[in-house]
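K.L.:
Just to be clear, the model below is a prediction. Sequence and coordinates:
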Amino acid sequence: MASMCKVKNKNPVSIQITAEHIIREARSHVDHGTAPPKAMIEDQFELDEYRLRKRKEFEKLITISHSPNVWMKYARWEESQRDFARSRSIWERALQHHLCYTNQNFWCRYATFEMSNRFLNHARNVWDRAVTLLPNVSQLWYKFIHMEEILGNIPGARQIFERWMSHSPDRQGWLSYIKFELRYKEIERARHIFDRFVQSHPQVDSYVRYAKFELNHGEVHRARQCYERAAETVISVDAAGCDNKDFDEAQRLFLSFAEFEEKCKETDRARCIYKYALDCLPKALTEDLYRRFIEFEKRYGDKESIENTLAVERRFQYEESVRKSPLDYDAWFDYIHLEMEFGTRNKDRIRDVYKKAISNLPPAEEKRYWKRYIYLWINYALYEELDAQDTDRTREVYRECLKLIPHNNFSFSKVWLLAAQFEIRQKNLDGARKILGNSIGRAASHKIFRKYIELELTLGNVDRCRA
């Protein structure tokens, strides 16, 4: 065996060889081939030969792949050879395939080819077929109309718009038609289109645009009619039930309507719109409406109207409070006091608040939970008797209250006595005796006995007192 070689120089080499150096050196020796020389076509024969070769290449490609891009390259190459008939034939062949005739970009390129080479009737034919096959593609309609408008064929462009509108396009399509008519000062035509537009898209934004259009052209009465139509639509939708998004749209409508009336110096109309909106819409979704109403009253209202507006703001706060904590009876008392203070003429509103308050029963049949609640019924009955002066309603309130109290667990002497005293004031002694008798039978107490005896003594019925 040969002896192992001894390393004479153990110093490091100045250039370290790495794997990267080895790979780079190997790649540097790879032969990438030489580029083919540029061929110069000298005569018609060579040109025909070149065209034949390219056509064979393209035909081979389209048999392998039916991609629209391959067809478009083929057609553009024929166009570059100024052979428009062949190019058109390729476009038409491509349209036989599903990938092409459903491709909106392909139709646009085809029509652009016809337009750029001034084959206008052919271009019209292409656009017509495109919008017939793909009526829901807005881009095709826009480009078709744009071509006719550039050519000055305004009636033709209008006719295309009408075809498009028959397919019920989106809002932008209708607005484009309106802008088209306005460019040519066709105000009446634009107004007619706006009317059809709001019928097709009865959203708040549509009506607001229509109203602003009329206002910009000095038609204040027509603009007001637009807002009124929109309000009727919103009310009909509201009656059928709607979600928060619909309420937001309604709020935007009423705000826009009020701003319109304010611009027209119709402050009374604007105030009525604000109040109507605040009555119709859910209070939890009208914070912006309240704020704008307060700002409006500060600008145009007198002292009384400003106070009423502030009452509206407080009403909103109380409604939010009782909505979050329906068993907070102190909040209900404050709410009722507000309505009594500022809404004395609106008995229905006060009754409505009372009914909402008493509908929130205490969480358990324990007297400590009912002590505050029962005063809602007492105040309700006193309101009906003293303020509303409705004896039938007062009697009904006492009857419902006594029916609701769980007398087997506890009772309230005060309610029995108030009901009896009410009947005495109505000179209905038999009714008062009946109430007091029922109270003794169901919830006897020293207080009730004492008051019953006082009643009979006052009437001089000593025998009844002994009994």
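P.N.:
Great, that's in hand.
K.L.:
From now on I want contacts and neighbour counts done on CA atoms only, so please keep to that.
P.N.:
Noted.
K.L.:
Flag every buried residue along the helix or strand encompassing R209.
P.N.:
Element membership for R209, per DSSP states H and E: helix 204-216. Residues V204, D205, S206, Y207, V208, R209, Y210, A211, K212, F213, E214, L215 are the ones in helix 204-216 that count as buried (16 or more other C-alpha atoms under 10 Å).
K.L.:
shouldn't the last one be in contact with A223?
P.N.:
Yes. Contact criterion C-alpha atoms under 8 Å: L215 and A223 qualify, at 5.7 Å.
K.L.:
which residues of the stretch 51-200 of the chain fall in helices?
P.N.:
With helices called from DSSP state H, counting those that start in this stretch, the stretch 51-200 of the chain shows them at 68-80, 84-94, 98-101, 104-116, 120-133, 138-150, 154-165, 171-183, 187-200.
K.L.:
now those as TSV including mean neighbour count, distance to I424 and mean pLDDT?
P.N.:
What follows is the helices of the stretch 51-200 of the chain, written out as TSV (neighbours: other C-alpha atoms under 10 Å; distance: least, C-alpha to C-alpha, whole Å; pLDDT from 0 to 100):
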stretch	mean neighbour count	distance to I424	mean pLDDT
helix 68-80	19	96	88
helix 84-94	17	99	89
helix 98-101	16	92	74
helix 104-116	18	88	91
helix 120-133	17	85	92
helix 138-150	17	80	94
helix 154-165	17	75	94
helix 171-183	17	70	94
helix 187-200	17	64	93
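K.L.:
right, and those helices - which one's nearest E384?
P.N.:
helix 187-200 (48.2 Å; C-alpha to C-alpha).
K.L.:
what's that closest one packed up against?
P.N.:
helix 171-183, helix 204-216 (3 or more C-alpha pairs under 8 Å, 6 or more residues apart in numbering; DSSP states H and E).
K.L.:
what about the stretch 201-350 of the chain, any weak spots by pLDDT?
P.N.:
235-245, 284, 303-304, 306-307, 343-345 (pLDDT under 70).
K.L.:
in it, which spans are helices?
P.N.:
Counting by DSSP H, counting those that start in this stretch, the stretch 201-350 of the chain has helices at residues 204-216, 220-240, 244-263, 267-280, 287-300, 303-324, 329-342, 347-358.
K.L.:
what does stretch 311-331 contact?
P.N.:
283-284, 290, 332, 334-335, 338, 342, 357, 360-362, 372-373 (C-alpha atoms under 8 Å, 6 or more residues apart in numbering).
K.L.:
try 6 Å
P.N.:
Identification of contacts with stretch 311-331 by C-alpha atoms under 6 Å, 6 or more residues apart in numbering yields Y335.
K.L.:
With V126 as the reference, measure out to Y383.
P.N.:
79 Å (C-alpha to C-alpha, to the nearest Å).
K.L.:
what do you get for A26?
P.N.:
56 Å.
K.L.:
What of L289?
P.N.:
Distance from L289 to V126, by C-alpha to C-alpha: 52 Å.
K.L.:
Quick check: nearest residue in space to Y354, chain neighbours excluded?
P.N.:
Y380 (6.5 Å; C-alpha to C-alpha, 6 or more residues apart in numbering).
K.L.:
Look up the pLDDT of that neighbour for me, please.
P.N.:
Here the pLDDT value assigned to Y380 is 88.
K.L.:
Check the spacing between it and N346 real quick.
P.N.:
15 Å.
K.L.:
still on that earlier bit, tabulate the helices of the stretch 201-350 of the chain (TSV), appending distance to I160.
P.N.:
Shown next, in TSV, are the helices of the stretch 201-350 of the chain (distance: least, C-alpha to C-alpha, whole Å):
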stretch	distance to I160
helix 204-216	22
helix 220-240	28
helix 244-263	32
helix 267-280	41
helix 287-300	43
helix 303-324	52
helix 329-342	60
helix 347-358	56
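K.L.:
Relative to S14, which of those is closest?
P.N.:
Per C-alpha to C-alpha, nearest to S14 of the helices of the stretch 201-350 of the chain: helix 244-263, 76.9 Å.
K.L.:
tell me the angle that closest one makes with helix 287-300.
P.N.:
Here helix 244-263 runs at an angle of 10 degrees relative to helix 287-300 (axes from the mean of the first three to the mean of the last three C-alpha atoms, to 10 degrees).
K.L.:
low-confidence ranges in the stretch 351-467 of the chain?
P.N.:
443-446, 448-449, 452-453, 455-467.
K.L.:
if you set the cut-off to 80 instead, what comes out?
P.N.:
Within the stretch 351-467 of the chain, the stretches with pLDDT under 80 are 416, 429, 432-433, 435-467.
K.L.:
Show me which of Y380 and N346 is the more surrounded one.
P.N.:
Y380 (23 against 11; other C-alpha atoms under 10 Å).
K.L.:
what's stretch 387-400 in contact with?
P.N.:
Here stretch 387-400 makes contact (C-alpha under 6 Å, 6+ apart) with A381, E384, E385.
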